[in-house]
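Peer 1: pasting the sequence and the predicted model now:
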Amino acid sequence: MRSAGHLGEGGMSGDSPTVRTGPSPRLLAGSIAGAAGLIAVVTLVGRAVGLGRWLAFSNGVGATCVGEIYATANQVPNAFYEIAAGGALAAVVVPLVSGHLHRGREDLADRTASALLTWCLTVLLPLSILVAVLARPIARLLLGPDEGCGTAAIDTAVTMLTVFAPQVVLYGIGIVLSGVLQAHQRFLAAAVAPLLSSLVVIGVYLAYGAWVAPDAGLAGAPRNALLLLAWGTTAGVVALSLPLLVPTWRAGVRLRPTWTFPAGTARRAGTLATAGILAVAAQQACVLVTVWLTNSAEGVGTLNVYTYAQTAYLLPYAVLAVPLATAAFPRLTAEDAEPVLRRTLLAVVVAGVVGAVALVAVRREVGALFVTIDAGSGGSGATALQALPTALAWYAPGLVGLAVAALLSRALYARGAALLAGGAVALGWIVAALVPVVHLTQTQATPSQSLVTLGLGSSIGMSLTGILLIVLVRRSWGSAVTHRIWAPALVALGGALLVLLGRELAAAVDVSHWAVALVSGLVTGCAVLATALLALRVGAPAAFGDMVGGIRRRGVR
C-alpha cells in the first residue's frame with residue numbers, strides 16, 4: 001500500500017509495483033490437513049484453557065446475581081462488535097486479501113488490508129461511544145424490572161457496560177488482523193490469540209473469587225472487585241487483538257491509514273460485508289433474545305448456565321469443524337477449487353456428526369463438572385445448573401448444520417454468492433430465536449424449560465441453515481461437490497453411536513466428582529472420534545482415502 005486519502009475506490013498508486021504472474025511468495029505452502037491440524041491443536045489447547053476460563057468463572061463468580069449481571073452486560077459489546085465487525089469483516093478480509101495474493105499483487109493485498117482496518121476504526125469507535133452513552137437504557141431493557149437481584153443491579157450493569165465499551169473496537173482490530181494472517185495462510189498467531197485472552201481472564205476470575213465470598217451476593221461485593229472483573233475482561237480482549245500486529249508485520253504486510261480500496265475491490269467488499277452483516281445481525285438478535293428470555297426465567301443463573309451450555313456446544317465445533325473451514329477458505333478463492341471443497345465438506349460433515357454424538361455422550365459429565373464447582377450451586381443457581389445436561393442433548397443435533405455452515409458459507413463467499421449465503425444463515429438464526437419466543441413468552445418458564453426450548457430452537461435453525469447452504473452450493477459450485485458425501489457420513493454416525501450406546505448402558509457410573517467427570521468426558525469424547533473414523537475407514541475406505549489424501553495435499557491452492 002502506497003497512499004492514504006479520499007473515500008471510495010481508488011486507482012493504483014503512482015509507484016509501479018512488481019506484478020507477479022503466480023501466487024505471492026508470502027503465501028505459505030502447505031496442506032489443508034497440516035493447516036487444519038495446526039489450527040486444531042492450538043484451538044484444542046485454547047478451548048481447553050477456554051473451558052478452564054469458564055470453570056474459573058463458575059467457581060469464582062458462578063450462577064449468582066453478579067454472574068448474571070456480568071454475563072448480560074458482556075453480551076452487549078459482543079453483539080455490536082459481531083454485527084458491525086464480526087459479520088462484515090469476517091466475510092470480507094480473507095477472500096479479498098487472499099484473492100490479490102493468489103494473483104501475486106502484494107501491493108493490492110496490503111492496500112485492501114489497510115482500508116479494511118481504517119474503515120473498521122471509523123465505524124467501531126462511534127459504536128463504542130454509543131454503548132457507553134446508552135448503557136443505562138440497555139441495562140434496563142435486558143435485565144428487566146423483575147431481575148431479582150435488587151436495585152443495585154442496574155447500576156452495576158451500567159458500570160460494567162461502560163468499561164466493556166472499548167471491546168468493540170479491540171475486537172474489530174483483532175478480526176481484521178486475524179483475517180489478514182489467514183489470507184496469507186499463516187494460522188498460528190490467530191489461533192493462539194484466544195489462548196492468551198483466556199489466560200488473562202482466568203486470572204481475573206480467580207482473583208475475584210479469592211476476594212469475594214460465594215455467598216456475598218451483589219450487596220456484599222466490593223466496588224473495586226466488580227471493577228476488577230470488568231476491566232480484567234477488557235484486558236483479555238486487548239490480549240486477543242493488539243499482539244496480532246507483530247505477526248502481521250512479520251508476514252510482510254505494511255498497513256497505512258486509508259479509506260481507499262483498490263479499483264473494483266470496494267464494490268465486492270460492500271457485497272461481502274452486507275452478507276456478513278445480514279447473517280450476524282440475525283445471530284446477535286437471537287443472542288439478545290436469549291439474554292432477555294433467560295433473565296425472565298424463574299430464579300437466578302439461567303443465563304450463566306446457557307453460557308456454560310454454549311461453551312460445551314461450541315467446543316467440538318471449534319476444534320473439529322472450524323479448523324478445516326478456516327484452512328480451506330483461502331484455497332477456495334483459487335481456480336479449480338471444487339475438489340478442495342468436496343473433500344473438506346466430507347471432513348466437516350463427519351466433524352459435525354462426531355461433535356453432536358460426543359456432546360450427548362458427555363452431557364452428564366459436563367453437568368456434574370459445573371454443579372460441583374459453581375459458586376451458585378448451593379444456592380440460587382442450583383435449579384438452573386441441574387438443567388444443563390438435558391439442555392446439551394437438545395442443542396447437540398444442530399452441530400451438524402453449524403459445522404456445514406462454517407464451510408459452505410465461505411464457499412459461497414468465494415464464488416460471489418455472498419448475499420445468498422448471508423440470507424440462509426440469517427434465516428436459520430431467525431428461526432432459532434422465534435421458536436423460544438413463541439413457546440416461552442406466554443408464561444414465566446422454569447430454567448429447565450427455558451434452556452431446553454433454546455436448545456430445540458437452535459437445533460432447528462442450524463439444521464435449516466445447513467440444508468439451505470447445501471442447496472445453494474450445489475447450484476453455485478455444481479452437484480459434484482456433494483457427491484458421495486452422505487453414505488460415508490452415515491457410516492461415521494454409526495460408529496459414533498456405538499460409543500454413545502455404551503455410555504448410556506454405563507449411565508450408573510458415578511461422575512459426581514469433578515476430576516472423574518473431567519476424565520470420563522475426555523475419554524468418551526475421544527472414543528467417539530476414534531470409533532467414527534475407524535468406522536469410516538473400514539466401511540467407506542474409498543471416501544476415507546479421498547478425504548484424507550485431499551486435505552493432506554500440499555500447496556498454496
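Peer 2: Perfect, thanks for sending it.
Peer 1: any idea how far residue 118 is from residue 184?
Peer 2: Computed as C-beta to C-beta, to the nearest Å, the residue 118 to residue 184 distance reads 19 Å. In this view, the C-beta of every residue, glycine as well, is placed from N, C-alpha and C.
Peer 1: compare these two (neighbour count), which wins?
Peer 2: Neighbours around residue 118 and residue 184, counted as other C-beta atoms under 10 Å, are more numerous at residue 184. The numbers are 26 against 18.
Peer 1: so the more buried one makes contact with residue 251?
Peer 2: Yes: contact status for residue 184 versus residue 251: in contact at 5.1 Å, counting by C-beta atoms under 8 Å.
Peer 1: quick one, helices of the stretch 201-350 of the chain?
Peer 2: With DSSP state H, counting those that start in this stretch as the definition, the stretch 201-350 of the chain shows helices at residue ranges 223-241, 245-250, 265-296, 302-316, 322-332, 338-361.
Peer 1: how far is the third one from where the chain is centred?
Peer 2: What separates the centre of helix 265-296 from the centre of its chain is 13 Å, taken as C-alpha atoms, centre = their mean, to the nearest Å.
Peer 1: now it against helix 302-316, angle please.
Peer 2: For helix 265-296 against helix 302-316, the angle by axes from the mean of the first three to the mean of the last three C-alpha atoms, to 10 degrees is 130 degrees.
Peer 1: residues of helix 265-296 that come out buried?
Peer 2: Within helix 265-296, the residues that qualify as buried are 265-266, 268-269, 271-296, counting by 16 or more other C-beta atoms under 10 Å.
Peer 1: what of the second one?
Peer 2: By 16+ other C-beta under 10 Å, the buried positions in helix 245-250 come out as 247, 248.
Peer 1: quick check: mean pLDDT of it?
Peer 2: For helix 245-250, the mean pLDDT works out to 89.
Peer 1: so which elements touch it?
Peer 2: Using 3 or more C-beta pairs under 8 Å, 6 or more residues apart in numbering; DSSP states H and E as the contact definition, the elements that helix 245-250 packs against are helix 167-183, helix 188-211.
Peer 1: who touches the last one?
Peer 2: For helix 188-211, the surrounding residues in contact (C-beta atoms under 8 Å, 6 or more residues apart in numbering) are 38-39, 42-43, 45-46, 49-50, 52-53, 56-57, 59-61, 174, 177-178, 181-182, 222, 225, 228-229, 232-233, 235-237, 239-241, 243-244, 246-247, 375.
Peer 1: list the contacts of residue 483.
Peer 2: By C-beta under 8 Å, 6+ apart, the residues touching residue 483 are residue 342.
Peer 1: and if you look at residue 445?
Peer 2: In this structure, residue 445 makes contact with 293, 296, 297, 298, 453, judged by C-beta under 8 Å, 6+ apart.
Peer 1: ditto for residue 290
Peer 2: By C-beta under 8 Å, 6+ apart, the contact set of residue 290 is 303, 306, 433, 436, 454.
Peer 1: now the two most distant members of the residues you listed.
Peer 2: Maximum pairwise distance among these (C-beta to C-beta): 15.5 Å, between 303 and 433.
Peer 1: alpha carbons only: can I get stretch 318-332 in PDB?
Peer 2: Coordinates of the C-alpha atoms in stretch 318-332 are reproduced here as PDB (Å, rounded to 0.1, in the frame of the first residue of the first chain):
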ATOM      1  CA  ALA A 318     -14.300 -25.000  17.200                       C
ATOM      2  CA  VAL A 319     -11.800 -27.900  17.400                       C
ATOM      3  CA  LEU A 320     -13.100 -30.100  14.600                       C
ATOM      4  CA  ALA A 321     -15.100 -28.100  12.000                       C
ATOM      5  CA  VAL A 322     -13.700 -24.500  12.200                       C
ATOM      6  CA  PRO A 323     -10.000 -25.500  11.600                       C
ATOM      7  CA  LEU A 324     -11.000 -27.300   8.400                       C
ATOM      8  CA  ALA A 325     -13.100 -24.500   7.100                       C
ATOM      9  CA  THR A 326     -10.500 -21.900   8.100                       C
ATOM     10  CA  ALA A 327      -7.700 -23.700   6.400                       C
ATOM     11  CA  ALA A 328      -9.700 -24.400   3.200                       C
ATOM     12  CA  PHE A 329     -11.100 -20.800   2.800                       C
ATOM     13  CA  PRO A 330      -8.000 -19.200   1.200                       C
ATOM     14  CA  ARG A 331      -7.800 -22.100  -1.300                       C
ATOM     15  CA  LEU A 332     -11.500 -21.700  -2.200                       C
END
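Peer 1: give me the mean pLDDT for that stretch.
Peer 2: Predicted confidence along stretch 318-332 averages 81 (mean pLDDT).
Peer 1: what are the buried residues along it?
Peer 2: Residues of stretch 318-332 classed as buried by neighbour count (16+ other C-beta under 10 Å): 318-332.
Peer 1: from the residues you listed, pick the one nearest residue 165.
Peer 2: Distance to residue 165, by C-beta to C-beta, is smallest for residue 318 among the buried residues of stretch 318-332, at 26.4 Å.
Peer 1: tell me where the model's unsure across this protein.
Peer 2: Across the chain, residues meeting the criterion (pLDDT under 70) sit at 1-40, 42-44, 46-47, 80-91, 144-148, 334-335, 378-380, 549-557.
Peer 1: what about the strands in it?
Peer 2: Applying DSSP state E to the chain gives strands spanning 8-9, 260-261.
Peer 1: correct me, but residue 172 touches residue 122?
Peer 2: No: using C-beta under 8 Å, residue 172 and residue 122 do not qualify as a contacting pair, with a distance of 10.1 Å.
Peer 1: the two: which is more packed in?
Peer 2: Neighbours per residue, other C-beta under 10 Å: of residue 172 and residue 122, the larger number sits with residue 172, 28 against 12.
Peer 1: quick one, what contacts residue 138?
Peer 2: Neighbour list for residue 138: 76, 131, 161 [criterion: C-beta under 8 Å, 6+ apart].
Peer 1: ok, now residue 410?
Peer 2: By C-beta under 8 Å, 6+ apart, the contact set of residue 410 is 94, 325, 328, 329, 332.
Peer 1: in CSV, list these along with distance to residue 213.
Peer 2: Listed next are the contacts of residue 410 as CSV, based on distance: C-beta to C-beta, whole Å:
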residue, distance to residue 213
94, 47
325, 44
328, 49
329, 47
332, 53
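Peer 1: let me know the closest of these to residue 407.
Peer 2: Closest approach to residue 407 among these (C-beta to C-beta): residue 325, at 4.2 Å.
Peer 1: which ones are touching the closest one?
Peer 2: With the criterion set at C-beta under 8 Å, 6+ apart, residue 325 makes contact with 344, 348, 406, 407, 410.
Peer 1: so who does the residue nearest to the second one when sequence neighbours are not counted touch?
Peer 2: This points to residue 348. Using C-beta to C-beta, 6 or more residues apart in numbering and skipping residues adjacent in sequence, the residue nearest residue 348 is residue 407, 4.7 Å away. Contacts for residue 407 (C-beta under 8 Å, 6+ apart) come out as 321, 324, 325, 328, 341, 344, 345, 348.
Peer 1: I'd say the last one and residue 403 touch.
Peer 2: Just to be clear, that refers to residue 348. Yes: using C-beta under 8 Å as the test, residue 348 is close enough to residue 403 to be in contact (5.1 Å).
Peer 1: and the residue lying closest to residue 299 once chain neighbours are set aside, how close does it get to residue 445?
Peer 2: Leaving out its chain neighbours, the residue that sits closest to residue 299 by C-beta to C-beta, 6+ apart is residue 383, at 5.4 Å. Using C-beta to C-beta, one gets 12 Å for the distance from residue 383 to residue 445.
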